[in-house]
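A.B. asks: fold the following, please.
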Amino acid sequence: MLAQGKSAGWGLPYLKESFVTSLDNDQRQLEAITPLDGRYGSKLEGLGPLVGEGALIGYRLRVECEWLLHLAEVPEIKPYLTLSPEVRASLDQLRAAATTEASYQIKEIEKTTNHDVKAVEYYLQNHLRHAGAPAATLAFIHFACTSEDINNLSYGLMLKELRAKRLLPAMDRIIHDLADKAAQYADLAMLSRTHGQTASPTTLGKELAVFGRRLQSQRDRFAMLPLAGKINGAVGNYNAHRVAFADVEWESVARRFVEKRLGLAFNPLTTQIESHDSLVEYAAILKHFNTILIGLARDIWGYVSLGYFTQKVKENEVGSSTMPHKINPIDFENAEGNLGLANALATHFEDKLPISRWQRDLSDTTVQRALGTLVGHSELAWSSLLRGLGKIVAAPSRIASDLEGAWEVLAEPVQTVMRRHGVVDAYERLKQATRGRPVTHAVLLALVDETAELPEAAKAELRALTPAAYVGDAPRLARDFARTRRS
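C.D. replies: Prediction:
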C-alpha cells in the first residue's frame, strides 16, 4: 500500500489516504478475469461463500462427516466403528460449519494429492486423530465412497442452500414489485400493440401482471424441484459395500443417508456419477425465468421509448456522455445483457451435463464449477431489473394521448356487437370502413348509425364507447394477480 504523500508513479505527487486505501482495496477488481469478481463484485456480496471453491470444500467436509456418523448407526457396522464423545463433538462441529482455516488446510493438502476430494479425506483423518480417534475409526472415513459420491451430494446441498438463501428471495422481490405495480396501475388504460400495430386496449397493470404470473409459475416450480443425490460407489452397484458387509441392506442405508440426513432426493440407479438431471432442471428453470425477464426488460424499454414511463432523475448520474438531456434505460439494458450471459451457460449445462461417456468421464466437473457464474449473472441481472423498476413512473397523459388517437381499435367491438344482432358480414363491413385508412370517432359513428340491423339501445352503447373504456376485464385481472401474490 502506498504511504500518504508518496508518489504513485502516475504523475500524482500527493494522494489522500482514502484514495490510496481505495486503490489497495480495488486492486483485485482491476485484475479480475471475470466482471463478476471485478467490476460487479460489490453487487454480488455474499454469493461467493455459497458457490465458491471454499463453499464446495465445506460441503464436501460436511458430507464426509455425516457419512461417518451415519455408518456408526448401522447395526452391522457398529461393532467395528465406535465414536467417542470427543470425536462426535468434533464431527458435529465440522459438519455444522466448516471454517475458512479448514478450507485453507485442505487446499494445502491438495497441492500434494492433486485430488480435491482425497484432500478432504486426509484433512478429516488428521482432524479426528487429534480428537483421539483410533485407527479403526479413521479407516471408516470415506468408506466405500468414490469421489463422485461426495461431490454430487455436495453440489446438491449447495444448490439447496443457494435456492433457499439467495435465489427464491430474489425472485420474490421481483414478483412482489410487479404485483405492487399491477395493483397501482390496474385501471390505467393503455393501447395494446400486436405485431407492433395498434390493438384492443388493455391496462398497464394487467400487462405487468402477465409477467408477474409467468414468473410466479417458474418460481413455484423452482421451489418444488427435488435435488437428487446418490452414494452407491464406483459404478453405482455397491460393489465394495457388499464385499465388506454382505448382510447390510446398502440401498436402504444410502436412501436414509441422502433423504433423512441431507434432505435430498435419492437416486437409486446411477453409474459412477449422479446423472445431473435435477441440476439440469435447476438451470433450465433459471433459464426460463430469465427468458421471461428478457421479455419484460425489452417491453419496459419500449414503453420508456414511447414515453409511457418516465424515469426518476438521479442528480449526479450521467445518461449520455455527449447528450446531457438523456436518461437512458440502462438498468433494463444491463439486465438483458446479463440474462443472456446466464442463459448461455444454462444452455451449455442442459447440453453437456446429462451426457457422460460410459460409466464416467470428467468433462462434467469443470462445467459444474461454472454454477456460480450462471447464478452470478442471473443475480446481477435481477438486481439491475429491480433497480430499473424502482426508477420508472407511469405517464398517464402520454398513455392517454395514444389511446385518444386510436379509434380504429373500436372496430372490434362494433363488429362483434353487429354479429350479436345477426349481421353476417359485420367483419367485412368494418374491414372496408377502417383498414388502411384513418379512422376517427366520426367514421365509426357513421357506420353504427347506418347499420339498420342494430337496435337503438345497442347503437347508444356503441356511440358512448371510447378506447379508454374498452379494456374488458383487465383491471380485475391485474387486481386478482396482485391480491393472490400478496396473500
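
A.B. asks: going by C-alpha atoms from here, please, whenever you check contacts or count neighbours.
C.D. replies: Noted.

A.B. asks: verify the stated contact: E64 with I150.
C.D. replies: Yes - counting by C-alpha atoms under 8 Å, I150 is a contact partner of E64 at 7.1 Å.

A.B. asks: which residues in the stretch 51-200 of the chain form helices?
C.D. replies: For the stretch 51-200 of the chain, helices defined by DSSP state H, counting those that start in this stretch occupy the ranges 53-71, 85-96, 100-113, 116-130, 135-138, 147-162, 168-184.

A.B. asks: tell me which other helices or strands the longest one touches.
C.D. replies: Where contact means 3 or more C-alpha pairs under 8 Å, 6 or more residues apart in numbering; DSSP states H and E, helix 53-71 is packed against helix 85-96, helix 100-113, helix 116-130, helix 147-162.

A.B. asks: could I get these in JSON lines, plus columns for mean neighbour count?
C.D. replies: Output for the helices and strands packed on helix 53-71, formatted as JSON lines (neighbours: other C-alpha atoms under 10 Å):
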{"stretch": "helix 85-96", "mean neighbour count": "16"}
{"stretch": "helix 100-113", "mean neighbour count": "16"}
{"stretch": "helix 116-130", "mean neighbour count": "19"}
{"stretch": "helix 147-162", "mean neighbour count": "21"}
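
A.B. asks: which one, of the ones you listed, ends up nearest to G54?
C.D. replies: helix 100-113 (5.9 Å; C-alpha to C-alpha).

A.B. asks: quick revisit: for the helices and strands packed on helix 53-71, could you give me JSON lines that also reports distance to S217 and mean pLDDT?
C.D. replies: Converted to JSON lines, those look like this (distance: least, C-alpha to C-alpha, whole Å; pLDDT from 0 to 100):
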{"stretch": "helix 85-96", "distance to S217": "34", "mean pLDDT": "93"}
{"stretch": "helix 100-113", "distance to S217": "38", "mean pLDDT": "93"}
{"stretch": "helix 116-130", "distance to S217": "38", "mean pLDDT": "96"}
{"stretch": "helix 147-162", "distance to S217": "19", "mean pLDDT": "98"}
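
A.B. asks: got those helices as TSV, with distance to A254 columns?
C.D. replies: Listed next are the helices and strands packed on helix 53-71 as TSV, based on distance: least, C-alpha to C-alpha, whole Å:
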stretch	distance to A254
helix 85-96	18
helix 100-113	26
helix 116-130	19
helix 147-162	10
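
A.B. asks: residues contacting T310?
C.D. replies: Counting by C-alpha atoms under 8 Å, 6 or more residues apart in numbering, T310 touches 304, 392-395.

A.B. asks: now it: phi and psi?
C.D. replies: phi -100, psi 160 (degrees, to the nearest 10).

A.B. asks: and if you look at P201?
C.D. replies: Backbone torsions for P201, taken as degrees, to the nearest 10, come to phi -60, psi 160.

A.B. asks: would you agree it is in contact with L188?
C.D. replies: No - here P201 does not reach L188: they are 10.2 Å apart, not a contact under C-alpha under 8 Å.
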